[in-house]
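> The sequence and its predicted three-dimensional model are supplied below.
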Amino acid sequence: MNMASPQLRWLWISLVVVILDQAAKQIAEAQLTPHQAVNLFPYFDWYLTYNTGAAFSFLANAGGWQRWLFTVIAIVISIVIVQWVRKLPAEDTLTAASLCLILGGAIGNLIDRVYLGHVIDYIQVWLGSYPFPAFNIADASISVGAALLILSSFSAIGKTTSD
């Protein structure tokens, strides 16, 4: 079976996300003190923290088993995404790019979880006086990728209904 797919050319996006994410996490750990905000702009802080859970610290205090659950989930999702990208039509570039953003974010956080037992977060934004949960480049990449994936599904719906 031929593993080559024109859509796999988009995997460079995942690689860039992983490199930027891991580099930023190394810099954050070297330069920031955990749980001490450094205000950069109004409503934007550098804030180093460690998350043993998932998004919004879901299951963070579950006792340790969640590390392996989220590791397995990230591996399965990564495999599914690569297969999905492989099977996309060559012209479906928005879907391919969005999936590669999600993949890069998943792998970036997977690396932390496997090697450290937690995910390094260091960006905090404020919604008025409410601090949004801290996040990182990998999280942002997953969110942007998911938003673009939703957008691409709307454009795909438009194509199928107008044909």
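Structure received.
> Not counting residues beside it along the chain, what's closest to L48?
Take L48 and drop its neighbours on the chain: the residue closest to it by CB to CB, 6 or more residues apart in numbering is L32, 3.9 Å away. Bear in mind the C-beta positions are built from the backbone N, C-alpha and C, glycine included.
> quick one, phi/psi of that neighbour?
Backbone torsions of L32, given as degrees, to the nearest 10, read phi -110, psi 150.
> contacting residues around it?
The contact partners of L32, by CB atoms under 8 Å, 6 or more residues apart in numbering, come to V38, W46, Y47, L48, Y122.
> Go through those residues and name the one nearest W12.
Y122 (24.6 Å; CB to CB).
> Report the residue spans of the protein with pLDDT below the cut-off.
Within the chain, the set of residues satisfying pLDDT under 70 comprises 1-4, 53-67, 156-163.
> What residues does the closest residue to Y50 other than its chain neighbours make contact with?
Leaving aside its sequence neighbours, Y50 sits nearest to H118 (CB to CB, 6+ apart; 4.2 Å). Going by CB under 8 Å, 6+ apart, H118 touches Y50, N51, T52, R67, D112.
> repeat for W84
W84 touches L99, counting by CB under 8 Å, 6+ apart.
> does the residue nearest to the spatial centre of the chain sit in a helix or strand, and which one?
Closest to where the C-alpha atoms of the chain average out (CA atoms, centre = their mean) is G105, at 2.6 Å. Under the criterion DSSP states H and E, the helix or strand holding G105 is helix 93-116.
> Return the list of helices and strands in contact with that helix.
If contacts are counted by 3 or more CB pairs under 8 Å, 6 or more residues apart in numbering; DSSP states H and E, helix 93-116 sits against helix 11-31, helix 65-87, strand 119-127, helix 137-162.
> for the ones you listed, which one ends up most surrounded?
strand 119-127 (a mean of 20; mean count of other CB atoms under 10 Å).
> what's the following helix or strand after it?
Counting by DSSP H and E, the next helix or strand C-terminal to strand 119-127 is strand 130-131.
> That next one pairs with which strands?
The strands that strand 130-131 pairs with in its sheet are strand 119-127 (antiparallel) (by DSSP bridges).
> Can I get the partner strand as PDB, trimmed to CA atoms?
Output of strand 119-127 as PDB, limited to C-alpha atoms (Å, rounded to 0.1, in the frame of the first residue of the first chain):
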ATOM      1  CA  VAL A 119       1.700  20.000  31.000                       C
ATOM      2  CA  ILE A 120       3.600  23.300  31.300                       C
ATOM      3  CA  ASP A 121       1.300  26.300  30.900                       C
ATOM      4  CA  TYR A 122       2.500  29.900  30.900                       C
ATOM      5  CA  ILE A 123       0.100  32.200  29.200                       C
ATOM      6  CA  GLN A 124      -2.700  33.800  31.100                       C
ATOM      7  CA  VAL A 125      -5.300  36.300  29.700                       C
ATOM      8  CA  TRP A 126      -7.900  38.200  31.700                       C
ATOM      9  CA  LEU A 127     -11.500  38.600  30.800                       C
END
